[in-house]
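Visitor: Sequence first, predicted coordinates after that:
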Amino acid sequence: MTTSPPTVSLTLDQLASRAASLITDDGRRILGITGAPGAGKSTVSQAIVRKLGSRCSIVEMDGFHLANRELDRLGRHERKGAPDTFDVDGYAALLRRLRASNSTVYAPVFDREFDESIGSTTAVDPCTPLIVTEGNYLLLPSGGWQEVRAALDEVWYLDVPEETRTKRLVKRHSRFGKSSEAAAEWVKRVDQPNAELISAVRPRADLIVRIERSEPH
């Protein structure tokens with residue numbers, strides 16, 4: 001029988017302090033922040049970095065989106081954001097490299113304005129003791145994602161009310177060019193099935209987190 005992970009309600013500052021407690025003298029630690037689309041993963045990750053400064057770097061799963069040209073070739077562009085629209089092997093390999101490397105490692109980021117990943121954008125110094133990596137699919141048990149979970153010391157799942165989460169998503173898609181109708185349709189057709197997939201694996205997290213404050217965006 002699977003044991004449910006503990007659930008905590010914490011402020012962003014308390015979460016950042018909890019992340020700081022993961023830092024040890026015996027090697028780099030990698031913390032995963034996951035949850036359904038619109039859960040506030042980027043907000044939590046950035047709050048941790050603001051508090052920890054040079055002791056922490058963010059590496060995004062979204063930097064491993066397949067290029068739009070490749071998604072067109074594969075016939076997956078209309079499902080962009082689904083698990084099979086990412087270079088999961090490249091992501092897992094980068095996490096393993098971050099664990100072992102004694103030199104600077106460069107990670108990609110996803111540019112929402114251009115809707116494409118940009119390589120070698122984030123430089124991770126070899127002395128940085130904590131890496132925070134955030135993304136939707138850190139807990140999936142198959143499709144190559146199990147290698148991602150194996151590379152992480154802890155994974156925190158962000159638990160957010162559905163209404164709050166979907167409103168954020170519609171607002172986000174509208175901000176980057178979709179009409180309100182098209183944004184709502186994308187949330188229903190693409191984001192929601194992904195959210196259900198992510199929610200189903202939340203028992204694999206180490207901690208369920210509810211943010212105690214004005215909601216992150």
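Guide: That came in fine, so what should we check first?
Visitor: Who are the contact partners of the most centrally placed residue in the chain?
Guide: For the chain, the residue sitting closest to the mean C-alpha position, by CA atoms, centre = their mean, is residue 135 at 1.6 Å. Residues counted as contacts of residue 135 (CB atoms under 8 Å, 6 or more residues apart in numbering) are 32, 33, 34, 41, 60, 61, 62, 91. (C-beta placed from N, C-alpha, C; glycine too.)
Visitor: give me that answer again for 6 Å
Guide: Taking CB atoms under 6 Å, 6 or more residues apart in numbering as the contact definition, residue 135 lies against residue 61.
Visitor: Mind pulling the model confidence for it?
Guide: pLDDT, residue 135: 98.
Visitor: Determine the three-state secondary structure at residue 108.
Guide: Following DSSP: H, G, I helix; E, B strand; the rest coil, the label given to residue 108 is strand.
Visitor: burial count for the closest residue to it other than its chain neighbours?
Guide: Nearest residue to residue 108, sequence neighbours excluded (CB to CB, 6 or more residues apart in numbering): residue 63, at 3.4 Å. The local packing of residue 63 (other CB atoms under 10 Å) involves 24 other residues.
Visitor: Residue 63 is in contact with residue 118, isn't it?
Guide: No: counting by CB atoms under 6 Å, residue 63 stays clear of residue 118, with 7.8 Å between them.
Visitor: residues of the lengthiest strand in the chain that come out buried?
Guide: Using DSSP state E to define each element, the chain has its longest strand at strand 116-124. Residues 117, 122, 124 are the ones in strand 116-124 that count as buried (16 or more other CB atoms under 10 Å).
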